[in-house]
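> Below are the sequence and a predicted model for it; my questions follow.
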Amino acid sequence: MVTIVEVPPPASADDPNAWAARAQTRLWNAESVALLGYADLTDTEEAGVRWAVPSAHRMSLRWIALTDPDDHDTVVGCGTLQLTLKDNLTSAGLFVVVTPEHRRRGIGSQLFAAGELRSTPNGRLTTVSGRTMRSPSLVRTVRSGLPAQILQPGHEHRRPGHPLP
């Protein structure tokens, strides 16, 4: 059983809610290393917390999937809704990562749905999402140094709350 909790943005690195940004950074770092085979593009946990602290220009909302809601060390997924506060006020970035051993159980879908539900009340008409794929051809492309971007089919540039095609 997995519980999805929304964790308010931390005000600083010392904020009790900073644990969620640290957990998110660990998840994305593991995904990056698994995809690329090296850690060159990973972030420190403190850098992840700095990006999670809202500024005058941006804010991130975060949902964490936990196998035990009382234990912050049981994180198995994270969803982040990134909102700009000055420009491009009609779109949002929504990013979801789930540990490999917990995939295909609906956790990512729950995290994605939570982000979409919060994007509309914030005035966002478009939600843009991306995903990583571990296809051998993509891994070879990325490792060769060529640019690669994959948008998740059905999720790019669509109105939040609209069903997938």
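Received, thanks. Here the structure is a predicted model, which is why all the values come from computation and not from measurement.

> Let me know whether residue 94 touches residue 114 as I believe.
No - using C-beta atoms under 8 Å, residue 94 is not in contact with residue 114, being 9.5 Å away. C-betas here are computed from N, CA, C, even on glycine.

> Overlap in contacts, the two.
Shared contacts of residue 94 and residue 114 (C-beta atoms under 8 Å, 6 or more residues apart in numbering): residue 79.

> Among the two, which residue is more densely surrounded?
A count of neighbours by other C-beta atoms under 10 Å puts residue 94 above the other of residue 94 and residue 114, at 24 against 21.

> partners of the helix or strand where that one lies, with directions?
Assigning secondary structure by DSSP states H and E places residue 94 in strand 91-98. Sheet neighbours of strand 91-98, with direction, are listed as strand 75-84 (antiparallel), strand 126-129 (parallel) (DSSP bridges).

> Comparing those strands, which comes out most buried?
Of all the strands paired with strand 91-98, strand 75-84 has the most neighbours on average by mean count of other C-beta atoms under 10 Å, namely a mean of 22.

> Please enumerate the helices of the chain.
18-36, 45-52, 107-119, 136-143 (DSSP state H).

> which strands and helices sit next to the third one?
Of the remaining helices and strands, those touching helix 107-119 by 3 or more C-beta pairs under 8 Å, 6 or more residues apart in numbering; DSSP states H and E are strand 3-7, strand 58-66, strand 75-84, strand 91-98, strand 126-129.

> Could you tell me the least trusted of those strands?
Of all the helices and strands packed on helix 107-119, the minimum mean pLDDT falls on strand 126-129 (a mean of 77).

> so what's residue 16 up against?
Contacts of residue 16 by C-beta under 8 Å, 6+ apart are residue 10.

> so where's the protein shaky on pLDDT?
130-165 (pLDDT under 70).

> Recalculate using a threshold of 80.
The chain contains residues with pLDDT under 80 at 122, 125-165.

> Against residue 78, how distant is the most centrally placed residue in it?
Residue closest to the mean C-alpha point of the chain, counted by C-alpha atoms, centre = their mean, is residue 95 at 3.2 Å. Going from residue 95 to residue 78 by C-beta to C-beta, to the nearest Å gives 8 Å.

> With residue 129 instead?
Distance of residue 129 to residue 78, computed by C-beta to C-beta: 14 Å.

> just residue 55 next, same as before
Residue 55 is 20 Å from residue 78, by C-beta to C-beta.

> was I right about residue 2 contacting residue 65?
Yes - using C-beta under 8 Å, residue 2 is in contact with residue 65, at 5.0 Å.

> Okay then, goodbye and thanks.
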